[in-house]
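In: The following comprises the amino acid sequence and a computationally predicted model.
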Amino acid sequence: MCDRCSESVHDRIAPSRRSALLLTAAALGTALSGRAFAKDNKPPPKPQNVLSPDAALKRLMEGNARYVDGVSRRHDFKHEREALAGGQNPFAAVLSCADSRIAPEYAFDTGRGDLFVCRVAGNFAGTETIASLEYAVAVLNAPLILVLGHDACGAVDATLKALKDNTSPPGHIPSLVDAIAPAAKAAMQQGGEVLDKAIRQNVIDNVGKLKSAAPILNAAVEQGKLKIAGGIYRLTTGTVDLIAQG
């Protein structure tokens, strides 16, 4: 039998691992260049969500005021389904803590398709979260990102305790500690209400991180297409206090 005939069927028809990796890299390159993010001309499913960055923040805070006052609107989820089945155009993206007491859609009195929400304990911008927010901005045209911290954050408190006691939490929790540690250390140096200061600093740090995230978010900010702000959700009142804007 000749050498060619002795090849296995798999070897003859399956691409090599190297070829697959090259194809994947090429696809990612195309996506980042913007060609894969080309948008069609069909109207957005929620035209009312096409807003400027400042108008988006204003709408977000007006929704929070209704929530705090207990006069949230009745949202027609049933009749929105058909429009949203074909796409989405949220007017804001929110990076929130995963705490069960924090629900951005409720806190800002929004409906389906209004908010693009990323949640992680400690509301920090890791690689996957930044990628998700890039998608919200580059593909979905979200004009606003809000980093939302909250009172009595357990992730921030655990980070402070780990640093103070020089201990390491179990499982994968140390990854949270590493991400929040810079804000926690800054607050510890200041003294006083360390937890409150660390929560605030963590929001400010992540607003700054997102503003400088190249090549997508920082360019959108520089072009005036995107605003990135920070806020603290107050557990007792439901109020969101803005602490960083830009």
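Out: Sure thing, it's come through.

In: use CA for all of it now, contacts and neighbours both
Out: Fine.

In: Next, the buried residues of stretch 97-105.
Out: Across stretch 97-105, burial judged by 16 or more other Cα atoms under 10 Å covers C97, A98, D99, I102, P104, E105.

In: just stretch 64-84 next, same as before
Out: N64, A65, R66, Y67, V68, S72.

In: all helices of the chain, in order?
Out: Under the criterion DSSP state H, the chain carries helices at the ranges 9-13, 17-33, 53-69, 77-85, 104-107, 127-138, 154-165, 174-190, 194-211, 217-222.

In: for those, which one ends up most surrounded?
Out: Per-stretch averages of neighbours, counted by mean count of other Cα atoms under 10 Å, single out helix 194-211 among those, with a mean of 22.

In: Would you mind listing the outside residues contacting that one?
Out: By Cα atoms under 8 Å, 6 or more residues apart in numbering, the list of residues contacting helix 194-211 from outside reads 123-125, 130, 147-153, 156-157, 160, 180, 182-188, 217-218, 221, 228-232, 243-244.

In: Below-threshold pLDDT in the chain: ranges please.
Out: For the chain, residues meeting the criterion pLDDT under 70 lie at 1-40, 246.

In: Could you list the domains of it?
Out: Here the domain assignment for the chain is 1-36, 48-244, based on automatic domain parsing.

In: looking at those, which is closest to K42?
Out: With Cα to Cα as the measure, domain 48-244 is the member of the domains of the chain nearest K42 (10.0 Å).

In: re earlier: could I get the helices of the chain as a markdown table with distance to K46?
Out: Written out in a markdown table, the entries for these read as follows (distance: least, Cα to Cα, whole Å):
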| stretch | distance to K46 |
| --- | --- |
| helix 9-13 | 46 |
| helix 17-33 | 25 |
| helix 53-69 | 14 |
| helix 77-85 | 8 |
| helix 104-107 | 16 |
| helix 127-138 | 15 |
| helix 154-165 | 35 |
| helix 174-190 | 36 |
| helix 194-211 | 26 |
| helix 217-222 | 22 |
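
In: nearest to P45, of those helices?
Out: Shortest distance between P45 and those, using Cα to Cα, is found for helix 77-85: 5.3 Å.

In: quick revisit: just the buried residues of stretch 97-105 now: which is nearest F77?
Out: F77 lies nearest to E105 out of the buried residues of stretch 97-105, by Cα to Cα, at 13.0 Å.

In: what about the closest one, distance to E128?
Out: As for E105, its distance to E128 is 21 Å (criterion: Cα to Cα, to the nearest Å).

In: And D205, by the same measure?
Out: As it turns out, when the distance is counted by Cα to Cα, D205 lies 17 Å from E128.
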